[in-house]
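Colleague: Give me the fold of what follows.
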Amino acid sequence: MPRTRTYEEVAVGEPLPELAIPLTRTFIVATALASRDYQDVHHDPDLARERGSKDIFMNILTSNALVDRYLTEWAGPAAVVQAIRLRLGAPNHPGDTMVLSGTVTGRTDEERRVEIAVRGTNGLGTHLSGTAEVRLPREAGAS
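Modeller: As a prediction, the model looks like this:
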């Protein structure tokens, strides 16, 4: 079972480990369908090109879910992701890799909440950037 980080052990400026996510065609199509996003640009290469894209591309719901996964893997099972605010940039196309990274940018002691700046990059540049808030448990015995 993954270890849960506690609020007391997290410091502003702390980097989160990077997470590389291979972007296969199957992954992009399957995650669009799983999130009930049936827009053709997420599964039909010919129609995606007709609409100006070089290929199909990942949907925003998948990008958001991957950030949630990234934060949860870092923080552990007792943490609660309370907010994710993202801005999209370069699309995630099949055959590329998205690398997620993050840095702790703030702490709210009363609520045991940390703010994290997140970023996802691929071969075209920045796919996503934004912030997230994660509530962490207190260390055992901490007041």
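Colleague: Report the buried residues of the longest helix along the chain.
Modeller: Identified as the longest helix of the chain according to DSSP state H is helix 60-75. Going by neighbour count (16 or more other C-beta atoms under 10 Å), the buried part of helix 60-75 is Thr62, Ser63, Asn64, Leu66, Val67, Tyr70, Leu71, Trp74, Ala75. All C-beta spots, glycine's among them, are computed from the backbone N, C-alpha and C.
Colleague: Repeat that for stretch 29-39.
Modeller: Val29, Thr31, Ala32, Asp37.
Colleague: got the contact list for the residue lying closest to Glu9 once chain neighbours are set aside?
Modeller: Using C-beta to C-beta, 6 or more residues apart in numbering and skipping the chain neighbours, the partner closest in space to Glu9 is Glu139 (7.2 Å). Counting by C-beta atoms under 8 Å, 6 or more residues apart in numbering, Glu139 touches Thr6, Tyr7, Glu8, Glu9.
Colleague: What about those, which one has the most neighbours?
Modeller: Counting neighbours by other C-beta atoms under 10 Å, Tyr7 comes out on top of those with 20 neighbours.
Colleague: what's next to the longest strand along the chain, contact-wise?
Modeller: Assignment by DSSP state E gives strand 96-108 as the longest strand of the chain. For strand 96-108, the surrounding residues in contact (C-beta under 8 Å, 6+ apart) are 7, 10-16, 18-23, 66-67, 70-71, 74, 92, 113-124, 127, 131-132.
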